[in-house]
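Novice: Let me see the structure of the following:
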Amino acid sequence: MNKSSLIISDSGGIQEEAPSLNIPVLVTRDTTERDEGIKEGFSFLVGTSTEKIIEKTTEILNSPVRFENKKNPFGDGKASDKIVNFIQKINLE
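Specialist: Now for the predicted structure:
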(Lines give C-alpha, C1' and ligand atoms only; values in the text may rest on other atoms or scores of the structure.)
Protein backbone atom coordinates (compact mmCIF):
# COMPACT_ATOMS: atom_id res chain seq x y z
CA MET A 1 0.00 0.00 0.00
CA ASN A 2 2.78 2.40 0.90
CA LYS A 3 4.06 2.46 -2.68
CA SER A 4 0.64 3.09 -4.21
CA SER A 5 -0.59 6.31 -5.76
CA LEU A 6 -4.21 5.30 -5.27
CA ILE A 7 -6.11 2.47 -3.62
CA ILE A 8 -9.41 1.09 -4.89
CA SER A 9 -11.22 -1.02 -2.30
CA ASP A 10 -14.48 -1.82 -0.56
CA SER A 11 -12.63 -2.66 2.67
CA GLY A 12 -13.46 -0.63 5.76
CA GLY A 13 -10.04 -1.39 7.22
CA ILE A 14 -8.29 -0.04 4.15
CA GLN A 15 -10.37 3.14 4.42
CA GLU A 16 -8.90 3.63 7.89
CA GLU A 17 -5.31 2.62 7.05
CA ALA A 18 -4.78 4.62 3.85
CA PRO A 19 -4.94 8.09 5.48
CA SER A 20 -1.96 7.13 7.66
CA LEU A 21 -0.03 6.60 4.43
CA ASN A 22 -1.45 9.73 2.76
CA ILE A 23 -2.89 7.66 -0.07
CA PRO A 24 -6.34 8.39 -1.50
CA VAL A 25 -8.94 5.61 -1.53
CA LEU A 26 -11.74 5.04 -3.98
CA VAL A 27 -14.44 3.29 -1.98
CA THR A 28 -16.35 0.90 -4.22
CA ARG A 29 -19.52 0.94 -2.16
CA ASP A 30 -22.72 2.93 -2.34
CA THR A 31 -22.45 3.84 1.36
CA THR A 32 -19.78 3.67 4.02
CA GLU A 33 -19.82 3.69 7.81
CA ARG A 34 -16.45 5.47 7.72
CA ASP A 35 -17.65 8.82 6.45
CA GLU A 36 -14.87 10.63 8.32
CA GLY A 37 -12.48 9.75 5.50
CA ILE A 38 -14.94 11.05 2.92
CA LYS A 39 -15.50 14.31 4.84
CA GLU A 40 -11.76 14.91 5.25
CA GLY A 41 -11.04 14.20 1.58
CA PHE A 42 -8.99 11.02 2.00
CA SER A 43 -11.65 8.73 0.55
CA PHE A 44 -14.01 9.05 -2.38
CA LEU A 45 -17.26 7.13 -2.52
CA VAL A 46 -17.56 5.94 -6.12
CA GLY A 47 -19.97 3.01 -5.87
CA THR A 48 -19.68 0.08 -8.23
CA SER A 49 -20.09 1.84 -11.56
CA THR A 50 -17.13 0.96 -13.78
CA GLU A 51 -17.43 4.31 -15.54
CA LYS A 52 -17.37 6.30 -12.30
CA ILE A 53 -14.43 4.28 -10.94
CA ILE A 54 -12.41 4.85 -14.13
CA GLU A 55 -13.36 8.53 -14.21
CA LYS A 56 -12.28 9.20 -10.61
CA THR A 57 -9.15 7.04 -10.97
CA THR A 58 -8.08 9.01 -14.04
CA GLU A 59 -8.81 12.31 -12.28
CA ILE A 60 -6.72 11.43 -9.21
CA LEU A 61 -3.82 9.93 -11.16
CA ASN A 62 -3.68 13.01 -13.41
CA SER A 63 -4.02 15.48 -10.51
CA PRO A 64 -2.83 13.78 -7.33
CA VAL A 65 -4.63 14.63 -4.11
CA ARG A 66 -2.49 16.53 -1.59
CA PHE A 67 -2.77 15.75 2.11
CA GLU A 68 -0.16 18.09 3.63
CA ASN A 69 -2.67 20.08 5.69
CA LYS A 70 -5.15 17.31 6.40
CA LYS A 71 -5.49 15.54 9.72
CA ASN A 72 -6.02 11.78 9.71
CA PRO A 73 -9.62 11.39 10.91
CA PHE A 74 -8.88 7.93 12.32
CA GLY A 75 -6.13 8.95 14.74
CA ASP A 76 -2.49 9.91 14.91
CA GLY A 77 -1.03 6.38 14.91
CA LYS A 78 0.26 6.73 18.45
CA ALA A 79 -2.39 4.75 20.33
CA SER A 80 -0.04 1.88 21.20
CA ASP A 81 2.55 4.30 22.64
CA LYS A 82 -0.14 5.95 24.77
CA ILE A 83 -1.35 2.57 26.03
CA VAL A 84 2.18 1.43 26.95
CA ASN A 85 2.87 4.72 28.75
CA PHE A 86 -0.40 4.41 30.66
CA ILE A 87 0.34 0.83 31.74
CA GLN A 88 3.89 1.75 32.78
CA LYS A 89 2.57 4.68 34.80
CA ILE A 90 0.06 2.44 36.60
CA ASN A 91 2.77 -0.12 37.38
CA LEU A 92 4.98 2.59 38.89
CA GLU A 93 2.29 3.82 41.26
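Novice: Contacts only, for the closest residue to residue 64 other than its chain neighbours.
Specialist: Of all residues not flanking residue 64 in the chain, residue 5 sits nearest, at 6.8 Å (Cβ to Cβ, 6 or more residues apart in numbering). The way it works is simple: take the backbone N, C-alpha and C, and place the C-beta from them, glycine included. Neighbouring residues of residue 5 by Cβ atoms under 8 Å, 6 or more residues apart in numbering: 23, 60, 61, 64.
Novice: Let's have those in CSV, adding secondary structure.
Specialist: Conversion of the contacts of residue 5 to CSV gives the following (DSSP: H, G, I helix; E, B strand; the rest coil):
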residue, secondary structure
23, coil
60, helix
61, helix
64, coil
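Novice: If you rank those residues by neighbours, which is first?
Specialist: Highest neighbour count within these, by other Cβ atoms under 10 Å: residue 23, with 20 neighbours.
Novice: how close does that residue get to residue 51?
Specialist: 23 Å (Cβ to Cβ, to the nearest Å).
Novice: Same question for residue 69.
Specialist: 31 Å.
Novice: So between these two, which is more surrounded?
Specialist: residue 51 (8 against 5).
Novice: can you list contacts of the helix or strand encompassing that one?
Specialist: For residue 51, the host element (DSSP states H and E) is helix 50-62. Under the criterion Cβ under 8 Å, 6+ apart, residues 5, 6, 8, 24, 26, 28, 44, 46, 47 lie in contact with helix 50-62.
Novice: My guess is residue 36 contacts residue 74. True?
Specialist: Yes - using Cβ atoms under 8 Å, residue 36 is in contact with residue 74, at 6.6 Å.
Novice: What is the burial count for residue 11?
Specialist: Each residue near residue 11 was counted by other Cβ under 10 Å, and the total is 14.
Novice: Over to it: give its phi and psi.
Specialist: Backbone torsions for residue 11, taken as degrees, to the nearest 10, come to phi -80, psi 130.
Novice: next one: residue 2
Specialist: phi -60, psi -30.
Novice: Appreciated, that's everything.
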